[in-house]
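>>> Sequence and predicted structure are below.
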Amino acid sequence: MKRLTAPIVAGIVAAGVSPAFAQELTIGLKSEATSMDPQFHQLSTNIQVSKNIFEALTTQDAVQKVTPGLAESWEAVDDTTWRFKLREGVKFHNGSDFTARDVIYSYCRVPLVENSPSAYTIFTGGIADMQAEDDHTLTITTTATNPLLPTDLWSLAIVSADALGAEDTVTYGPEGTCEGMGDVPQAPAFNSPDIAIGTGPYKLDTYTRGSELVVTRFDEYWDGTPEWERVVMRPITSDGPRVAALLAGDVDMIESPPIQDIPRIEEGGFSVVDALSNRIIYLHMQQVEDAPGIEGADENPLLDARVREAISLSINREGITERIMGGYAQAAGELLPPPMFGTSGRAVDPYDPERAKELLAEAGYPDGFSITLGTPNDRYINDEQVAQAVAQMMTQIGIQTKVDASTASQFFSRRNALEFPIYMAGWGASSGDMSSPLKSLVATYDANTGMGPTNAGRYSNPEMDAILLEAMATIDDAKRDEMLQQAETMVLDDFGIIPLHYEQTVWAMKSDLTYEPRVDQYTMATEVKKAAE
Amino acid sequence: MIVYLVRRLGQSILAVIAMAVLVFIGVYFIGNPVDVLINPEATQADIAATTERLGLDKPLYQQFGIFVVNALQGDLGTSFVYGRPALEIILDRLPATMELAFVALFLSVGIGVPLGVWAGLRPNSIAGRTIMAGSILGFSLPNFWQGMLLILVFAVLLGWLPAGGRGETTEFLGMQVSFLTWDGLSHLILPAVNLALFKMSLIIRLARANTREVALQDYIKFARAKGLSDRRVVLVHILKNIMIPVVTIIGLELGSMVAFAIVTETVFAWPGMGKLLIDSINLLDRPVIVAYLMLTVLIIVTINFVVDVIYSLLDPRIRLSEMKG
């Protein structure tokens, strides 16, 4: 592909592509959904596909603001009780009406899904009780105060109680103790359009594993008629073939073309859209007594905040985003791109190698030390190249850094086993809220409370933990926002974690299409529109 | 004869057991599947629950024991990713791979033999030299690069054929096949050519060398002296004699084509077993990886066993020498 002379391609592609069937859209996806059951595997590939067929009580717009979905409105009655007003006149694909019973059935089914590789119970676990006041009014009681309940509910797809064989009355009980569930169909049954019944804009037509998924328009959709009569989604997992499929006219749109191919795609007459994603690429440092992989220092130098600051100042973030990321990234000063919830607009750390050397000397390492930087090499955009650049920049201030790159599956296992003294990884805040990175990446690791599960640097700051916990139990949005900003500022002032850049997500498509890019990196067929002439 | 059979069968079973151990340990050390499968927002308790449910909390020897006991009952495990039996998922994909392999085989024989014979009869002609040069390219260029080049030329530049995927399929003898519709066939051509190129080069070289050898034999000279037409000499006397080694190669290569069409399937997004293997490795779906490799081992060991038995039936010297050795 790379050897191609662009103008030739441009001309020939324009001439060779047959006009697409106007009502049909074909999308080349970079990975394949593992099931059509929207409650089986909590994986972005599955979610973006199932969102065409199934809906939830709430939705998130392109910048992850929570907006009404199947629930028209909601209010927090008290700290642990929420009342949802359900939309009336909504039909399932099989013609039945959507009522509170479907919601209760759907949430009840979550713990009953067998063999789930990553269960949705992390969203239903906190629901203590659900009561239908009438067909379209529902109260949900949570075990603890959860200001993010409306956000969480976006992940819980509503399936049809009738189509799945529920009894007339379904009563809620926590952790799989519901009554009236009937014989609950398992994930493989969802390959059939008779079971995969949702309220979404598209109906399941056929799902051929490994090959393609076809959905057709649902004419009675409550929120207007969808643009496409038929949408075909094809998984093309390798980058080169995916780009080739677009250039050859096999597909109308692809997700995540490799950055180095973007100029050629543009010169070929295709349009490219991109947007800042909610994914931050960061460096995490092991802040415990005896971290492995450090030489030339008596004790772990990363315990000293001055050393951590020196590392941050040694990195030329603008250089990385311009030269390695080809402009498809933005230097980061926070753990989520502003103006998302809980961000403070903090400035990006400057590139100041001189000051970095001074800090190292002050901390007692005038001659530096040597360290190993762990990174995946097939998980994030140009991840290994970025890590190499970071290693060189750190070496320039005296910290001899060598890169240990491995494939994602190995990297994550080794990272979780604390094998790296310093590592580069990414975090996408699926809730679009600052509590997500704070809770997972920097809160003190504690298996009993579930805090800091991905804190493989074992950073710990009890003061920050306290504020974060309080924020996570505060319903008032303005107050919570303020507390999250405060907690984040404490971590970043302490250089507990070092943000590098926010990735940008790219889509490429035929020039007569438009797509509003989403921060959560999902490709949604409903958002693909015909460009205005 | 029976002694030979029993001994040969024993060796095959040993090979399968050795491979089972190697495959299982190898896959075990790649990484922890839970780290890849689970949502990163999950808490330690969720992770522990999933680990336990997938049986990954048990020590290696116990996991292996469970695997062996189940495997002896024909159960090669349940896919972590799809939640369905691994064997079922692989067998779902088998027809696509078989179809690709057979079409590729058909192409490599159908094109390779005539070209090889031509080059063998006229080794110094321009055509003969061109064919040989072409076969060297077929040998030496990496498979994925050939694939990308085919896509670039025929899909992107000329726009004649689709760049990947399987296209429309129809039911034939209870399987979904592509070659009965134009849409399906158009999707099949490029990957089949890509998979065939290497084998085709192999067959060209084999056919050429044998043709040259056979053409100098006395019975060919005699046939010509009798005044038989060139056509008859080539079609009957030469072709018949060179087909023996070609058929042997086809038998050996078919197994490897079915088992290892991985590169072609990845480049052309062809939904066969090879692509399933790559996707499963990326997701660390251990049961599918192990089941795939075990199935492959079983196929190859069986082919070898059958070939050996047939040879020994054809040529008693083989089993006699083995018994002495």
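Structure received.
>>> in the chain, what secondary structure element scores lowest on mean pLDDT?
Because you didn't say which chain, this covers chain A. helix A:6-16 (a mean of 41; mean pLDDT, DSSP states H and E).
>>> how about the residues of the stretch 301-450 of chain A that lie near chain B?
A:408-410, A:412-414, A:416, A:427-428, A:430-431, A:436, A:440, A:447, A:450 (Cβ under 8 Å from any Cβ of the partner chain). Backbone N, C-alpha and C define where each C-beta goes, glycine included.
>>> Up against chain B, what does the stretch 151-300 of chain A have?
Within the stretch 151-300 of chain A, the positions lying close to chain B (Cβ under 8 Å from any Cβ) are A:186-188, A:208-212, A:234-238, A:240-241, A:244-245, A:247-250.
>>> Using just helix, strand and coil, how would you label the residue of the stretch 201-325 of chain B at minimum distance from chain A?
Chain A sits closest to residue B:271 of the stretch 201-325 of chain B, with a gap of 3.3 Å, by Cβ to the nearest Cβ. Secondary structure assignment for residue B:271 (DSSP: H, G, I helix; E, B strand; the rest coil): coil.
>>> Can you tell me how far the residue nearest to it when sequence neighbours are not counted is from residue A:395?
For residue B:271, ignoring the flanking residues on the chain, the nearest one in space by Cβ to Cβ, 6 or more residues apart in numbering or on different chains is residue A:210 at 3.3 Å. Separation of residue A:210 from residue A:395 (Cβ to Cβ, to the nearest Å): 45 Å.
>>> More neighbours: these two, which one.
residue A:210 (22 against 16; other Cβ atoms under 10 Å in any protein chain shown).
>>> How about the contacts made by the more buried one?
A:32, A:235, B:93, B:96, B:271-272, B:275-276 (Cβ atoms under 8 Å, 6 or more residues apart in numbering or on different chains).
>>> With distance to residue A:526 added, can I get those in TSV?
Shown next, in TSV, are these (distance: Cβ to Cβ, whole Å):
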residue	distance to residue A:526
A:32	20
A:235	19
B:93	31
B:96	31
B:271	26
B:272	32
B:275	29
B:276	30
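>>> does the residue most central in space within chain B sit in a helix or strand, and which one?
For chain B, residue B:257 is the residue whose C-alpha lies nearest the centre (Cα atoms, centre = their mean; 1.7 Å). Assigned by DSSP states H and E, residue B:257 belongs to helix B:239-259.
>>> Give me the buried stretch members for the longest helix along chain A, please.
Longest helix in chain A, counting residues (DSSP state H): helix A:477-493. Residues A:480-488, A:490-492 are the ones in helix A:477-493 that count as buried (16 or more other Cβ atoms under 10 Å in any protein chain shown).
>>> Which elements pack onto that helix?
With contacts defined as 3 or more Cβ pairs under 8 Å, 6 or more residues apart in numbering or on different chains; DSSP states H and E, the packing partners of helix A:477-493 are helix A:462-472.
>>> From chain B, how far out is residue A:529?
25 Å (Cβ to the nearest Cβ, to the nearest Å).
>>> Partner strands of the host helix or strand of that residue and their direction?
Using DSSP H and E, residue A:529 maps to strand A:528-530. Strand pairing for strand A:528-530, using DSSP bridges, gives strand A:513-515 (antiparallel).
>>> which residue packs closest to residue A:61, ignoring adjacent ones?
residue A:67 (5.5 Å).
>>> Give me the secondary structure label for the one you found.
When classified by three-state DSSP, residue A:67 comes out as strand.
>>> Average the pLDDT values over the strand holding residue A:529 and round to the nearest integer.
Mean pLDDT, strand A:528-530: 90.
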